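J.: Here is my input, please return the structure:
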Amino acid sequence: MSSITRERVTEALRSTGISLLITLVTLVALEGVLRLVSPRMLRDSSSERSLTYQYDPELGWAPVPNSSADVTNVRKVHAQHNSLGLRDIEFVRDGRPAMLFIGDSFVWGLDAEANERFTDLLRGRIPGYNIVNAGVSGYGTDQEYLLLQRLWPDIEPKVVVLVFCTENDHFDNSTSVRYESYQKPYFATAADGTLVLKGQPVPKSRQVYVKENWLVRHSLLARVVVYNFVDLVHPAVDVPDPSDRLVSKIRDFVEAHGAKLIVGVQTRDDKLVAHLQAERIPFVGLDGAEAYPDPSGAHWTPNGQRLVADRLFGLLSENGLARETKASR
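T.: Residues are numbered from 1 along each chain as shown. This next block holds a predicted model:
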């Protein structure tokens, strides 16, 4: 190799080294700025979803079976999931018909210890049923419908109670991305008016990459790259609100399997109520249940949980599905 060639190689290596050093210094500086500014979107989430849930290609996310965690929103509560991934006691077939409750964080019990929830209160009042709480925080009615189908072979309920969260279910059901950019399945309306399931397998959400990748977990700069990649490749898809028809689909599925559907409506929802009346689906309003301050999600307090239990018990009784016993008085 001639001296000229050696000089050219040396110069090229020097230039490459300088470029790499500048790039490295720039990346370190950007990482430092991000850590100093600490944008909220890049922070580790401590929500009930991030603590106890995992990626699910059909549902978007689902509780980790046999997991437990302390969850803090307005107050710190303990969450324990059973082998089915439900925040409930272990389900065991014991000869009694099952009564399955589905819904979002209001059923799951955010800001409530398990024994304070309306489902646990009803368990003592309706001993003739094997009560199962299948609430999953953050779910829309679409995901609850899909979870209901998944759980059916294991539980085979005779009664299904859907709690519709007026505050957010309409929004949940109208998009493929919710809350802290969690990806989810959704139902689009076909030309003939039928609902068509879309978005499966569900793309991995930002949080999944943080959990699964060491670099993304430890570098805010890497998170910026990944978050932008996810948003670019899997942007939110918005669809006309299918909530009314989703409730009817749940009713059709439940009745096709020889069971009964009743609905609790969290707060006033005139459009949904009109639909329930037209479809002759039994329902009760849960307005007036005491709740924590609205910025925290307005989840029910222990007093609110008791009122919800009373309202639902009344609806069940009116439909011949429950009766007061001496033990429950």
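J.: Below-threshold pLDDT in this protein: ranges please.
T.: Low-confidence segments of the chain, defined by pLDDT under 70: 1-4, 6, 9-10, 12-13, 17-18, 20-51, 324-329.
J.: Quick check: can you list the domain ranges of it?
T.: When the chain is parsed with automatic domain parsing, its domains come out as 3-37, 48-224+235-322.
J.: As a markdown table, those domains with mean neighbour count would be great.
T.: Yep, even glycine has a C-beta here, placed from its N, CA and C like the rest. Formatted as a markdown table, the domains of the chain follow (neighbours: other CB atoms under 10 Å):
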| stretch | mean neighbour count |
| --- | --- |
| domain 3-37 | 11 |
| domain 48-224+235-322 | 18 |
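J.: In the protein, which residue is most central in space?
T.: Gly138 (2.7 Å; CA atoms, centre = their mean).
J.: That one belongs to a strand?
T.: No - Gly138 is assigned coil when assessed by DSSP: H, G, I helix; E, B strand; the rest coil, not a strand.
J.: how near is it to His170?
T.: Applying CB to CB, to the nearest Å, the value for Gly138 to His170 is 15 Å.
J.: before we move on, what about Arg268?
T.: Distance from Arg268 to His170, by CB to CB: 13 Å.
J.: same check, this time on Gly109
T.: Distance from Gly109 to His170, by CB to CB: 22 Å.
J.: Could you pull out the strands in the stretch 151-300 of the chain for me?
T.: With DSSP state E, counting those that start in this stretch as the criterion, the stretch 151-300 of the chain has strands at 159-164, 177-178, 182-183, 186-189, 195-198, 260-265, 283-285.
J.: So for Lys204, which of those sits nearest?
T.: strand 182-183 (7.0 Å; CB to CB).
J.: still on that earlier bit, can I get the strands of the stretch 151-300 of the chain in JSON lines including distance to Arg8?
T.: JSON lines is the format used below for the strands of the stretch 151-300 of the chain (distance: least, CB to CB, whole Å):
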{"stretch": "strand 159-164", "distance to Arg8": "73"}
{"stretch": "strand 177-178", "distance to Arg8": "52"}
{"stretch": "strand 182-183", "distance to Arg8": "51"}
{"stretch": "strand 186-189", "distance to Arg8": "58"}
{"stretch": "strand 195-198", "distance to Arg8": "57"}
{"stretch": "strand 260-265", "distance to Arg8": "77"}
{"stretch": "strand 283-285", "distance to Arg8": "81"}
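J.: So for Asp120, which of the ones you listed sits nearest?
T.: Going by CB to CB, the one of those nearest Asp120 is strand 159-164, 13.7 Å.
J.: Dump the closest one to PDB, keeping only the CA atoms.
T.: Extracted as PDB, the C-alpha positions of strand 159-164 are listed here (Å, rounded to 0.1, in the frame of the first residue of the first chain):
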ATOM      1  CA  VAL A 159     -77.000 -14.400  33.500                       C
ATOM      2  CA  VAL A 160     -74.700 -11.700  32.000                       C
ATOM      3  CA  VAL A 161     -74.600  -8.200  33.500                       C
ATOM      4  CA  LEU A 162     -73.100  -5.500  31.300                       C
ATOM      5  CA  VAL A 163     -72.200  -2.200  33.000                       C
ATOM      6  CA  PHE A 164     -72.000   0.500  30.300                       C
END
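J.: Pull the distance from it to the chain's centre.
T.: Offset of strand 159-164 from its chain centre (CA atoms, centre = their mean, to the nearest Å): 16 Å.
J.: Begin at 59, not 1, for the rest of this chat.
T.: I'll keep to 59 as the first residue from here, and by that count the last item is strand 217-222.
J.: Please name every helix or strand in contact with it.
T.: Packing partners of strand 217-222 (3 or more CB pairs under 8 Å, 6 or more residues apart in numbering; DSSP states H and E): strand 156-160, helix 199-213, helix 301-314, strand 318-323.
J.: what about these, which gets the closest to Asp250?
T.: So among the helices and strands packed on strand 217-222, helix 301-314 is nearest, using CB to CB, at 12.3 Å.
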